[in-house]
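Participant: Next one to model:
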Amino acid sequence: MSMSGADFNGVGEDPRIFRNICRDRILKDMLKPDKDKENKSAWKVLIMDKFTVRIMGYACKMAEITDAGVSLVEDLFKRREPMPSMDVIYFVQPLKENVIMLLSDMSGRCPLYRKAYIFFSSPIPKDLVTYIKNDSSVIPRIGALREMNLEFFAIDMQGFVTDHDMALTDLYGANEHNSKKFNDTISTMACRIATTFASLKEFPTVRYRAPKSADPSTAPKFDMVPKWLANATWEIVSKYKSTIPEFPQKETCELLVLDRPIDQIAPVIHEWTYDAMCHDLLEMDGNKYIYEVSKEDSEPEKKEALLEDQDPLWIELRHIHIADASERLYEKMNTFVSKNKAAQLHSRDGGEISTTDLQKIVQALPQYGEQVDKLTLHIDIAGKINRCIRDYGLRDLGQLEQDLVFGDAGAKEVINMLRSKQNLSEENKLRLMIIYAIVCPDKFEGDKGDKLMQLAKLPSDDMKAINSLRYLVSSDAKKAARDGGFSLKFDAQKKKNTGVRTERQDGEEGWALSRFFPLMEELVEKLSKGELPLNEYPSLSQPSSTSQGAGESASAPKPAQNPQPMSRRSRRTPQWAKGRNSDDSQSSDSSVLRHASGDFKRLGNRIFVFIVGGATRSELRVAHKLTMKLKREIVLGSSSIDNPPQFISKLKALGPS
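Facilitator: Numbering: from 1, shown residues only. Sure, this is the predicted structure:
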């Protein structure tokens with residue numbers, strides 16, 4: 001007996017998916033060009049700097065690099081043994097110190113390698129080209145000198161970051177005097193965004209969040225960030241038409257440049273999907289999760305697991321409600337046990353099987369080791385998340401958060417929560433206060449905020465996070481803040497409940513605590529339908545008809561959802577998780593990708609969204625969700641991907657130093 005394909009659906013390997021294109025450019029264009037395909041014995045050395053090592057790590061697996069003929073991977077700045085009989089591939093940033101190092105390797109009478117194939121991650125300055133040409137001993141030893149235009153981290157099949165982790169503080173903070181850092185951040189970010197379009201050979205129509213100030217000429221720098229970034233990106237991408245072979249001459253996709261001020265609630269509210277809760281509640285290092293495995297007659301052993309696209313169970317679960325994920329996991333476990341007599345022997349007298357029992361099954365049934373290992377891993381994760389929900393009182397807190405966002409709760413409910421829930425952590429109380437300040441800024445004017453913080457028993461340092469919200473709003477609010485008053489006015493016409501959003505009636509969210517949606521979702525849908533106001537989101541060019549999609553575009557019918565939704569009425573489903581309309585039609589990523597991979601040619605042209613100042617897991621989920629809903633691949637880019645604690649730390653740092 002083996003687990004069926006329905007239990008563990010693999011991810012589509014369609015080469016047209018965003019990250020697969022990035023991977024194939026590295027493997028085929030750089031590591032294994034056509035001339036090497038017939039010569040499998042042509043082993044090479046690959047040398048990278050610290051930055052390009054990370055690019056490679058997100059795009060490829062080590063096994064794929066080895067399969068492409070690389071026998072050794074080296075660090076550019078570490079001492080290396082000469083290998084004069086082997087060719088070398090350099091994948092580095094076009095920096096002078098990098099060029100000096102590679103020329104040192106290849107110059108003189110005894111170069112370290114036979115022939116060098118040099119690939120730069122972004123356009124190389126002319127002075128560095130001249131510097132290379134001036135070394136006459138190196139020129140005959142260079143087999144290729146190319147700009148890969150690959151300077152971003154593909155963190156997801158439909159997501160990337162530019163590695164500007166401090167963009168929020170560098171661009172929006174109180175310390176605006178550092179103009180060089182500000183300008184350098186915009187310039188570098190634009191270059192890295194542009195390399196995504198160079199890699200995909202896409203020419204975008206560029207739109208951006210317009211400055212909120214009535215007079216852009218006097219607007220503060222932070223209010224101009226989306227416009228300046230959009231202009232810088234457009235300028236670079238436009239040059240590709242004449243510098244990159246086969247680059248489109250007309251717009252083939254759309255880019256929408258947003259920034260964190262458009263939605264300050266998304267980074268702090270509790271998101272109830274599996275992926276978001278993993279990164280919010282568990283101590284993870286990026287996508288790395290550490291857990292314990294029980295061993296017979298020995299101490300438990302710690303293991304590391306990567307929650308990534310190569311794990312089909314992770315793909316199936318990551319964007320669904322935690323209650324649904326838990327239910328599916330236990331159904332899979334019980335199905336496996338019921339169909340395998342040997343596994344039944346390890347269950348507890350025919351009762352429910354535990355994670356420890358599953359670990360014993362792996363030892364007793366090695367032929368199912370990998371499958372049961374994955375199942376054990378995710379049952380362990382789901383169990384920890386559900387314990388956190390219970391121990392931290394997140395059910396009631398999450399309900400209040402969403403009621404605040406949709407205007408169904410106010411001061412009375414917040415005060416009752418603070419007085420009655422003594423087990424709320426400081427972090428969770430602060431997150432509630434941030435949401436309350438965004439939704440009801442008038443409640444924090446004068447000394448009201450201090451009194452609320454005292455009621456919440458939060459240290460005065462946490463008030464920095466509340467005060468720093470003013471640096472993410474309009475220029476008028478920022479001026480008022482500097483004059484000593486607390487102001488979070490988002491719009492001159494709005495006086496109260498500035499953060500309240502309208503509940504969506506799309507029938508897709510059936511679980512309780514799933515009402516919240518990032519505002520990015522609404523903006524992308526409007527963009528796809530041609531309904532995004534040009535006065536609020538101007539365009540740097542008049543979009544051609546091709547940018548709206550191929551054949552099927554914004555008006556395409558909604559795709560069918562998962563044809564076989566699982567029962568939502570299992571006894572394992574917590575009562576609090578059941579929605580008022582319990583017919584949850586959210587489909588898992590595995591289902592989405594099965595449909596998308598076979599139908600990718602029929603999708604309309606891509607929509608790219610870039611969020612300056614950090615994106616969230618919920619926004620990454622929206623990119624996947626809208627891909628099928630709109631029949632257009634949505635690619636989310638950002639300066640970073642932040643979990644709530646990371647965002648709050650950055651929020652505190654926005655104030656004066």
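Participant: residue ranges with poor pLDDT in the stretch 201-350 of the chain?
Facilitator: In the predicted model, the stretch 201-350 of the chain carries pLDDT under 70 at residues 295-297, 340-350.
Participant: what about 90?
Facilitator: Counting by pLDDT under 90, the ranges of the stretch 201-350 of the chain that qualify are 212-223, 283, 285-286, 290-303, 308-310, 330-350.
Participant: can you pull out the helices in it?
Facilitator: Secondary structure of the stretch 201-350 of the chain (DSSP state H, counting those that start in this stretch): helices at 225-243, 274-281, 312-317, 322-338, 341-344.
Participant: What of the stretch 1-150 of the chain?
Facilitator: 18-24, 50-59, 62-67, 96-106, 126-133.
Participant: how about the second one: buried residues?
Facilitator: Neighbour counts over helix 50-59 (16 or more other CB atoms under 10 Å) mark 51, 52, 55, 56, 58, 59 as buried. Every C-beta, even on glycine, is put in place using the N, C-alpha and C of the backbone.
Participant: Of the residues you listed, which is the nearest to residue 182?
Facilitator: residue 51 (21.2 Å; CB to CB).
Participant: re earlier: out of the helices of the stretch 201-350 of the chain, nearest to residue 18?
Facilitator: Nearest to residue 18, of all the helices of the stretch 201-350 of the chain, is helix 312-317, at 15.1 Å by CB to CB.
Participant: by contact count, what packs against the closest one?
Facilitator: When contacts are defined as 3 or more CB pairs under 8 Å, 6 or more residues apart in numbering; DSSP states H and E, helix 312-317 sits against helix 322-338, helix 369-391, helix 589-598.
Participant: re earlier: would you mind telling me which of the helices of the stretch 201-350 of the chain is nearest residue 391?
Facilitator: Once the helices of the stretch 201-350 of the chain are compared by CB to CB, helix 274-281 is nearest, at 10.2 Å.
Participant: Contacts for the closest one next, please.
Facilitator: For helix 274-281, the external contacting residues (CB atoms under 8 Å, 6 or more residues apart in numbering) are 270-271, 284, 289, 307, 317-322, 325, 381-382, 384-385, 388-389, 616-618, 620-621, 643-644.
Participant: could you flag which of those are buried?
Facilitator: Of the contacts of helix 274-281, these count as buried by 16+ other CB under 10 Å: 270-271, 289, 307, 317-322, 325, 381-382, 384-385, 389, 616-618, 620-621, 643-644.
Participant: just how off-centre is stretch 456-470 within its chain?
Facilitator: For stretch 456-470, the separation from the chain centroid amounts to 27 Å (computed by CA atoms, centre = their mean, to the nearest Å).
Participant: so residue 418 makes contact with residue 455?
Facilitator: Yes. Between residue 418 and residue 455 a contact is recorded at 5.2 Å, counting by CB atoms under 8 Å.
Participant: So which of these two has more stuff around it?
Facilitator: residue 418 (19 against 14; other CB atoms under 10 Å).
Participant: Heading C-terminal from the helix or strand harbouring the more buried one, find the next helix or strand.
Facilitator: Assigned by DSSP states H and E, residue 418 falls within helix 411-420. Next in sequence after helix 411-420, counting helices and strands by DSSP H and E, comes helix 426-439.
Participant: Flag every buried residue along that following helix.
Facilitator: Quick answer for helix 426-439 (16+ other CB under 10 Å): 428, 429, 430, 431, 432, 433, 434, 435, 436, 437, 438, 439.
Participant: Looking at those residues, which one is closest to residue 536?
Facilitator: residue 438 (19.6 Å).
Participant: Check the average confidence over the helix or strand hosting residue 193, would you?
Facilitator: Residue 193 belongs to helix 179-200 when assigned by DSSP H and E. Here helix 179-200 scores 94 as its mean pLDDT.
Participant: helices or strands up against it?
Facilitator: Secondary elements touching helix 179-200 (3+ CB pairs under 8 Å, 6+ apart): helix 18-24, helix 167-172, helix 225-243, strand 253-259, strand 604-612, strand 632-638.
Participant: neighbouring strands for the last one, and are they parallel or not?
Facilitator: To tie it back to what came earlier, the one meant is strand 632-638. strand 159-161 (parallel), strand 604-612 (parallel) (DSSP bridges).
Participant: now, of the helices of the stretch 1-150 of the chain, which is deepest in the fold?
Facilitator: helix 18-24 (a mean of 20; mean count of other CB atoms under 10 Å).
Participant: What average pLDDT does that one get?
Facilitator: Mean predicted confidence for helix 18-24 is 91.
Participant: re earlier: quick one: the helices and strands packed on helix 312-317 as TSV, columns for distance to residue 303 too.
Facilitator: As requested, those are exported to TSV (distance: least, CB to CB, whole Å):
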stretch	distance to residue 303
helix 322-338	18
helix 369-391	8
helix 589-598	24
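Participant: out of those helices, nearest to residue 98?
Facilitator: helix 589-598 (37.5 Å).
Participant: about what we covered before: which stretch among the strands paired with strand 632-638 approaches residue 74 most closely?
Facilitator: Nearest to residue 74 among those is strand 159-161; the distance by CB to CB comes to 25.6 Å.
Participant: coming back round to it: output the helices and strands packed on helix 179-200 in JSON lines; the columns should cover distance to residue 74.
Facilitator: Converted to JSON lines, the helices and strands packed on helix 179-200 look like this (distance: least, CB to CB, whole Å):
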{"stretch": "helix 18-24", "distance to residue 74": "21"}
{"stretch": "helix 167-172", "distance to residue 74": "31"}
{"stretch": "helix 225-243", "distance to residue 74": "30"}
{"stretch": "strand 253-259", "distance to residue 74": "36"}
{"stretch": "strand 604-612", "distance to residue 74": "33"}
{"stretch": "strand 632-638", "distance to residue 74": "30"}
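Participant: among those, which is nearest residue 377?
Facilitator: helix 18-24 (22.5 Å).
Participant: Show me what that closest one is packed against.
Facilitator: Contact here means 3+ CB pairs under 8 Å, 6+ apart; on that basis helix 18-24 packs against helix 50-59, strand 153-156, helix 179-200.
Participant: what about that helix, distance to the chain center?
Facilitator: 16 Å.
Participant: Convert the C-alpha atoms of that helix to CSV, please.
Facilitator: Output in CSV follows, covering the C-alpha atoms of helix 18-24 (Å, rounded to 0.1, in the frame of the first residue of the first chain):
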residue,chain,number,x,y,z
PHE,A,18,8.1,32.7,-12.7
ARG,A,19,10.6,31.0,-10.5
ASN,A,20,11.1,28.1,-13.0
ILE,A,21,12.2,30.7,-15.6
CYS,A,22,14.8,32.1,-13.1
ARG,A,23,16.1,28.6,-12.4
ASP,A,24,16.3,27.6,-16.1
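Participant: Residues contacting that helix, please?
Facilitator: Contacts of helix 18-24 (CB under 8 Å, 6+ apart): 13-15, 59-60, 64, 150, 154, 156-160, 199-200, 309, 606, 633, 635.
Participant: Now, of these, which are buried?
Facilitator: 14, 59-60, 64, 150, 154, 156-160, 199-200, 309, 606, 633, 635.
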